[in-house]
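Student: here are the coordinates; sequence isn't available:
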């Protein structure tokens, strides 16, 4: 029983980590594109 709980907890922690990393990447990309657009104007 403990192993199943540990695996589930590990999975949810990993999923949250991946979501955080992806969200950070998207934010950086959006900021970078906004800076590029501002320079072009």
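Tutor: In hand now; what should we look at? Since the structure is predicted, the reported quantities are computational estimates derived from the model, not experimental observations.
Student: Next up, the contacts around residue 12.
Tutor: By Cβ atoms under 8 Å, 6 or more residues apart in numbering, no residues touch residue 12. Heads up, the C-betas are built off the backbone N, CA and C, glycines and all.
Student: any idea how far it is from residue 6?
Tutor: 11 Å (Cβ to Cβ, to the nearest Å).
Student: Please enumerate the helices of the protein.
Tutor: 2-40 (DSSP state H).
Student: pLDDT weak spots in this protein?
Tutor: Applying pLDDT under 70 to the chain flags residues 1-2, 41.
Student: redo that, cut-off 50
Tutor: Within the chain, not a single segment meets pLDDT under 50.
Student: Counting neighbours, what do you get for residue 40?
Tutor: 6 (other Cβ atoms under 10 Å).
Student: State the distance from it to residue 32.
Tutor: For residue 40, the distance to residue 32 - Cβ to Cβ - is 13 Å.
Student: And for residue 14?
Tutor: 27 Å.
Student: same deal with residue 8?
Tutor: 36 Å.
Student: do residue 18 as well
Tutor: With Cβ to Cβ as the criterion, residue 18 and residue 32 are 21 Å apart.
Student: and if you look at residue 11?
Tutor: For residue 11 relative to residue 32 (Cβ to Cβ), the value is 32 Å.
Student: Repeat that for residue 15.
Tutor: 26 Å.
Student: next one: residue 21
Tutor: Residue 21 is 16 Å from residue 32, where distance means Cβ to Cβ.
Student: and what of residue 24?
Tutor: For residue 24, the distance to residue 32 - Cβ to Cβ - is 12 Å.
Student: Then residue 3?
Tutor: The value you get for residue 3 to residue 32, if Cβ to Cβ is used, is 43 Å.
Student: These two: who's more crowded?
Tutor: Neighbour totals were compared for residue 3 and residue 32, and residue 32 leads with 10 against 7 (other Cβ under 10 Å).
Student: Run a quick neighbour tally on residue 5.
Tutor: For residue 5, using other Cβ under 10 Å, the count is 9.
Student: meant to ask about residue 9
Tutor: Using other Cβ under 10 Å, residue 9 has 10 other residues around it.
Student: now residue 26
Tutor: 10.
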